[in-house]
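Enquirer: turn this into a model:
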Amino acid sequence: MPKKSVENQSESSESTQAVESIPLAIAGVVDQDQAPEIIVEESQEQPLTSERRHIAKSASLVMLGNLGSSVIGMVRQIVVTSLGFNIAGPFNSALLPAQTFNDFLVNGSVPGALIPTFNDYSESEKRAELRRLVFTLVNLVIMIMFVAAIIFLFVSPWFVQDFLVPGYTNAQKQLTLQFSQIIFFSLLALGPFAVLLAALYALKEFGWPAFATVSYHLGIIIGAVVSGLFLGHYLGYLGLAFGVLFGAAGEIALLIPGLHNQRIRYLFVLDLKHPALRHIVKLYIPVALSFLISMGLIFLDQRLASKTPGGGAANYTAMRSATTLIQYSSSTTITRIRMPHAQRLPCKTTPTNFLL
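Expert: Okay, the predicted model is just below:
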């Protein structure tokens, strides 16, 4: 009897050992020899906080850039006005055709069409496709601007003298015409600048683009000073117009470091069948219609100002100076910052996420 009990105990212990040696892998139970995997849910609060800090930093850069541009723009207006209304009036009037055409064709599409589209291609794996799209637009804009500048050379005598500034004196009309014909070629730089600026904003590159617009005002100031001190005998005050060309080229030059940081190099391409082009046009059509109406009103305002009693050039110079003073305190920081970032912020229905 004891012997049988001992045998039963040995068999029981063997069966116990056999049971213990069987690995359990049922219902998520892991083997004791394997370390259990710890599943940790990643919190989205840390990336969201980092994104907000980046937005704050970017907003600060753009705010400083806009402030610097406003200050230099005010200085530019003072320098131009100090030359007298016989120079300042024609020069300010000559800026209108190029500026309004650039706003209508390219510049107005930056926040509403270019940045949202470029944002879809801003990931690192799509960088080659973004480069192809950006320089397709750059090359296309250069071609359009060049053709427009040539056409303007032929239509400008009628458009400027008979439609834009009919109330100016003959000398003022002639100077306005000469200024406008030179300035219109600045679109060969201003147009591509708008496209490249949108690309850098979409890629969250805000440093150099924020201060690039200062170059435009500095070019005009340098042109005024150089023509007044050194080239007045040869070019008269046409140095102002060449200063616009210099400033526009400077804007492109100041974007080059940002393009280099993002590894975007020039590409000779014209892919008119790119699907993003159709998307850009679709987004921009409503904006373009509003700019077209605005452009007509701006030209009408200039035409009426040139006919005001007391001297059209003097009155328009006063109007431009007053407008510059009012615009000095305005800021477009949020307009330029929100588009590249708004589509990337995660959406949650918690009150704290609305605090940017």
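Enquirer: can you pull the contacts of the spatially closest residue to G65 that is not a sequence neighbour?
Expert: Excluding the flanking residues, the one nearest G65 by C-beta to C-beta, 6 or more residues apart in numbering is A210, at 2.9 Å. Every residue, glycine included, has its C-beta placed from N, CA and C. Listed by C-beta atoms under 8 Å, 6 or more residues apart in numbering, the contact set of A210 reads 61-62, 64-66.
Enquirer: now, which of the residues you listed lie within helices?
Expert: 61-62, 64-66 (DSSP state H).
Enquirer: which among these count as buried?
Expert: Buried members of those, counted by 16 or more other C-beta atoms under 10 Å: 61-62, 65-66.
Enquirer: take the residues you listed and lay them out in CSV including pLDDT and distance to H260.
Expert: Listed next are these as CSV, based on pLDDT from 0 to 100; distance: C-beta to C-beta, whole Å:
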residue, pLDDT, distance to H260
L61, 71, 18
V62, 71, 20
G65, 72, 19
N66, 73, 24
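Enquirer: show me which of those residues is closest to S306.
Expert: Relative to S306, the closest of those is N66; by C-beta to C-beta it sits at 30.8 Å.
Enquirer: following the helix or strand harbouring A210, which helix or strand comes up?
Expert: Under the criterion of DSSP states H and E, A210 resides in helix 207-212. Scanning forward in sequence from helix 207-212 by DSSP H and E, the next helix or strand is helix 214-229.
Enquirer: what packs against that next one?
Expert: Counting contacts by 3 or more C-beta pairs under 8 Å, 6 or more residues apart in numbering; DSSP states H and E, helix 214-229 is packed against helix 45-82, helix 239-261.
Enquirer: winner for burial among these?
Expert: Stretch with highest mean neighbour count among the helices and strands packed on helix 214-229: helix 239-261 (a mean of 20; mean count of other C-beta atoms under 10 Å).
Enquirer: next SSE downstream of it?
Expert: Next element after helix 239-261 (DSSP H and E): helix 275-306.
Enquirer: so which bits of that following helix are buried?
Expert: Buried, per 16+ other C-beta under 10 Å, within helix 275-306: 276-277, 280, 283-284, 287-288, 291, 295, 298-299, 302-303, 305-306.
Enquirer: cool, stretch 145-164 as well?
Expert: Going by 16+ other C-beta under 10 Å, stretch 145-164 has these buried residues: 145, 148-149, 152, 156, 159-161, 164.
Enquirer: who touches that stretch?
Expert: For stretch 145-164, using C-beta under 8 Å, 6+ apart, the contacting residues are 93-94, 96-97, 101, 105, 173-174, 176-177, 180-181, 184-185, 187-188, 191, 299, 302-303, 306.
Enquirer: how about 7 Å then?
Expert: 93, 97, 101, 173, 176-177, 180-181, 184-185, 187-188, 191, 299, 302-303 (C-beta atoms under 7 Å, 6 or more residues apart in numbering).
Enquirer: which among these gets closest to L267?
Expert: For the contacts of stretch 145-164, the closest approach to L267 (C-beta to C-beta) belongs to G191, at 16.9 Å.
Enquirer: tally of neighbours for that closest one?
Expert: Residues near G191, counting by other C-beta atoms under 10 Å, number 26.
Enquirer: can you pull out the helices in the stretch 101-250 of the chain?
Expert: Using DSSP state H, counting those that start in this stretch, the helices found in the stretch 101-250 of the chain span residues 115-119, 127-158, 170-183, 187-202, 207-212, 214-229, 232-235, 239-261.
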